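Asks: Return atomic coordinates for the entry below.
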Amino acid sequence: MQEKQITIGDNTFKLEEPFLVMATQNPIEQEGTYPLPEAQVDRFMLKVKITYPKRDEEKYIIRQNINNPPLPINVVVKPKDIIKARDIVKEVYMDEKIENYILDIVFATRDPEQYNLLNLKPLIQYGASPRAVFIWLLAAKAYAFIKRRGYVIPEDIRAISHDVLRHRVGLTYEAEAENIVSEDIINDILNKIEVP
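Replies: Numbers count the residues shown, from 1 in each chain. Next up is the predicted model:
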């Protein structure tokens with residue numbers, strides 16, 4: 001991912017810009033699959049949970065797949081437009097108070113007692129990495145851009161917090177024994193850290 005290339009056997013291929021790496025993780029039937037090490041998981045920008053489709057959506061899926069020929073694929077955006085949008089996203093304004101808000105949340109995952117979250121200390125094996133801060137800054141700017149704003153607000157940070165952090169907060173055996181998931185810890189932190 002970071003090297004922007006793939007290797008198959010002895011051959012290495014540079015990937016054209018823009019490129020995207022997606023991976024799926026099915027919580028059912030995991031025999032034969034193994035969790036990635038934390039350092040590799042951390043390279044993914046977001047971990048987005050996708051639920052089952054709604055009834056009307058699933059009905060549409062059924063009808064599309066049974067009754068109709070495949071829909072034609074139409075170009076909706078060109079690669080150069082995506083690259084241009086990336087550059088524009090970097091220009092989205094983020095106030096220092098928002099940066100500090102992100103830092104407070106990330107540091108609370110690492111050192112919860114410093115934020116009066118003593119109850120979380122025995123539940124967190126490891127907190128969010130330095131990469132999480134950088135990724136969160138970019139993701140928040142992109143979220144603001146999608147919302148047609150040239151600046152980031154605290155609600156942007158909160159809106160993407162679970163997607164940015166859920167795979168970056170490691171749980172202890174104690175947390176798992178109590179059926180606590182990373183989202184619970186993230187919620188506790190978000191509820192404690194003061195919003196600017």
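Asks: Which residue is the nearest non-sequential neighbour of I82?
Replies: P18 (4.7 Å; CB to CB, 6 or more residues apart in numbering). In short, each C-beta sits where N, CA and C put it, glycine included.
Asks: Repeat that for I98.
Replies: Closest to I98 by CB to CB, 6+ apart is V152, at 5.3 Å.
Asks: wait, A128 sits on V106?
Replies: Yes. Between A128 and V106 a contact is recorded at 4.6 Å, counting by CB atoms under 8 Å.
Asks: Of these two, give the one with the bigger neighbour count.
Replies: Taking other CB atoms under 10 Å, A128 and V106 do not tie; A128 has more neighbours (26 against 23).
Asks: ok, the more buried one to A142 distance?
Replies: Distance of A128 to A142, given as CB to CB, to the nearest Å: 18 Å.
Asks: Kindly report the same for Y60.
Replies: Distance from Y60 to A142, by CB to CB: 28 Å.
Asks: Pick out whichever of the two has more residues nearby.
Replies: A142 (20 against 12).
Asks: which residue packs closest to the more buried one, ignoring adjacent ones?
Replies: V89 (5.0 Å).
Asks: Can you list the low-confidence ranges for the protein?
Replies: The chain contains residues with pLDDT under 70 at 1, 27-33.
Asks: At the geometric centre of it, which residue sits there?
Replies: The centre of the chain sits closest to L46, judged by CA atoms, centre = their mean, with a distance of 1.7 Å.
Asks: For the top helix by length along the chain, give me every contacting residue.
Replies: Counting by DSSP state H, the longest helix found in the chain is helix 130-146. Here helix 130-146 makes contact (CB atoms under 8 Å, 6 or more residues apart in numbering) with 42-43, 45-46, 85, 88-90, 92, 94, 98-99, 102-103, 106, 150-153, 156-157, 159-161, 163-165, 168.
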